[in-house]
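Undergrad: Here you go, sequence then predicted model.
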Amino acid sequence: MDANQPPLLAGIEAGGTKYVCAVGHQPDELLRETRFPTTSPEETIDQAVGFFRQAAAEFGPLRAMGVGTFGPADINPRSPGYGGILNTPKEAWAGFNVVNALRDGLGEPVPIAIDTDVNAAAIGEAEFGAGRNERNVAYVTVGTGIGGGILIDGQPLHGRLHTEIGHLLVPDFDQPGKATGVCPFHDRCLEGRASGPAIEKRWGKPATELPPDHPAWQLEARYLAAAAIDLTAAWSPDIIILGGGVMQQEHLIDLVRGEFHALAGDYWTLPPLDTYLVTPWLGQNAGIVGALAMARRLL
Ligand SMILES: [Zn+2]
């Protein structure tokens with residue numbers, strides 16, 4: 001080991017379908033990375049611990065770990081249940097404490113920070129991506145679900161729990177009688193109307209099969225613009241980053257800017273919309289880079 005080497009950081013992007021684990025001396029320079037399906041809590045944490053033990057044998061001791069997890073999760077460091085997964089449809093995980101299990105598995109006193117996967121991605125983009133130089137960053141992921149993280153003055157916004165941007169209520173922009181929703185709890189929430197499964201249910205085929213001139217995209221853009229307006233009104237971010245699988249449709253971000261302008265008018269004095277409403281720079285890596293950046297913040 002080089003004595004001048006920065007400390008070894010560990011990160012986990014703990015998704016509901018897959019776990020990504022990585023180590024690096026710099027958050028944006030991954031030395032080693034692995035990904036595997038999220039199965040039972042015990043099996044999944046065992047696999048993560050195995051990876052980190054091997055990485056530590058190779059690169060030296062882990063100095064800190066950041067975890068960006070699927071939720072809902074207890075991310076309040078003052079709570080006795082800190083690090084625990086709360087009531088989730090993934091029943092085996094409900095009540096499981098990720099931080100304690102990692103700590104027990106590693107068998108070493110490595111400081112561990114946990115936050116939501118979307119706050120981790122927001123931190124990744126804020127430190128290394130599209131939000132560089134910005135203090136107030138909103139990151140929204142639009143995919144199988146919709147979630148978002150908000151950084152105020154660089155720090156993730158934590159309320160009583162955490163934000164649930166996917167369940168912002170949105171106006172019914174669809175043609176009368178055409179609307180469908182996929183959220184079991186709300187008729188008109190963002191995730192219910194604008195997530196990947198919502199697009200598929202509304203139009204009868206997956207978003208990836210809809211051509212750029214399909215009316216689905218204008219409707220999608222309008223829902224996302226409504227959410228961006230609500231974020232602007234409530235938190236006044238410097239930048240709103242829209243990522244996730246659905247945003248990989250490259251034409252979509254311009255439609256969102258157009259709808260934002262159409263719905264919001266000129267009320268706010270904002271940067272040009274092509275610098276205010278943007279896609280991520282780190283792509284699918286925002287979460288894992290953010291998890292390592294969370295680890296570095298502990299040192
Ligand atoms: Zn909902």
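TA: Received the coordinates, thanks.
Undergrad: Which residue lies nearest the spatial centre of this protein?
TA: V118 (2.2 Å; Cα atoms, centre = their mean).
Undergrad: Can you name the residues of the stretch 51-200 of the chain that neighbour the ion?
TA: H167, C183, F185, H186, C189, G192 (Cβ under 5 Å from the ion). Any C-beta I mention is one placed from the backbone N, CA and C, and that applies to glycine too.
Undergrad: Return a PyMOL selection command for the buried portion of those.
TA: Only the buried members of these enter the following PyMOL selection, criterion being 16 or more other Cβ atoms under 10 Å:
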select buried, resi 167+183+186+189+192
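Undergrad: Any chance of JSON lines for the residues of the stretch 51-200 of the chain next to the ion, columns secondary structure and pLDDT?
TA: JSON lines is the format used below for these (DSSP: H, G, I helix; E, B strand; the rest coil; pLDDT from 0 to 100):
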{"residue": "H167", "secondary structure": "helix", "pLDDT": "95"}
{"residue": "C183", "secondary structure": "coil", "pLDDT": "94"}
{"residue": "F185", "secondary structure": "coil", "pLDDT": "92"}
{"residue": "H186", "secondary structure": "coil", "pLDDT": "93"}
{"residue": "C189", "secondary structure": "strand", "pLDDT": "96"}
{"residue": "G192", "secondary structure": "helix", "pLDDT": "96"}
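Undergrad: Do you know the pLDDT at N4?
TA: Note on N4: pLDDT of 73.
Undergrad: Dump the longest helix anywhere in the chain to CSV, keeping only the CA atoms.
TA: Longest helix of the chain, by residue count under DSSP state H: helix 215-235. Output of helix 215-235 as CSV, limited to C-alpha atoms (Å, rounded to 0.1, in the frame of the first residue of the first chain):
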residue,chain,number,x,y,z
PRO,A,215,-48.1,11.2,-28.7
ALA,A,216,-47.0,9.3,-25.6
TRP,A,217,-43.9,11.5,-25.3
GLN,A,218,-45.7,14.8,-25.2
LEU,A,219,-48.0,13.5,-22.5
GLU,A,220,-45.0,12.1,-20.6
ALA,A,221,-43.2,15.4,-20.9
ARG,A,222,-46.2,17.3,-19.6
TYR,A,223,-46.3,15.1,-16.4
LEU,A,224,-42.6,15.5,-15.8
ALA,A,225,-42.8,19.2,-16.4
ALA,A,226,-45.6,19.5,-13.8
ALA,A,227,-43.3,17.7,-11.3
ALA,A,228,-40.4,20.0,-12.2
ILE,A,229,-42.6,23.0,-11.6
ASP,A,230,-43.7,21.7,-8.2
LEU,A,231,-40.0,21.1,-7.3
THR,A,232,-39.2,24.6,-8.5
ALA,A,233,-42.0,26.1,-6.5
ALA,A,234,-41.3,24.1,-3.3
TRP,A,235,-37.5,23.9,-3.1
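Undergrad: so what secondary structure elements neighbour it?
TA: Under the contact definition 3 or more Cβ pairs under 8 Å, 6 or more residues apart in numbering; DSSP states H and E, helix 215-235 sits against strand 137-142, strand 146-152, helix 190-194, helix 196-203, strand 239-243, helix 252-264.
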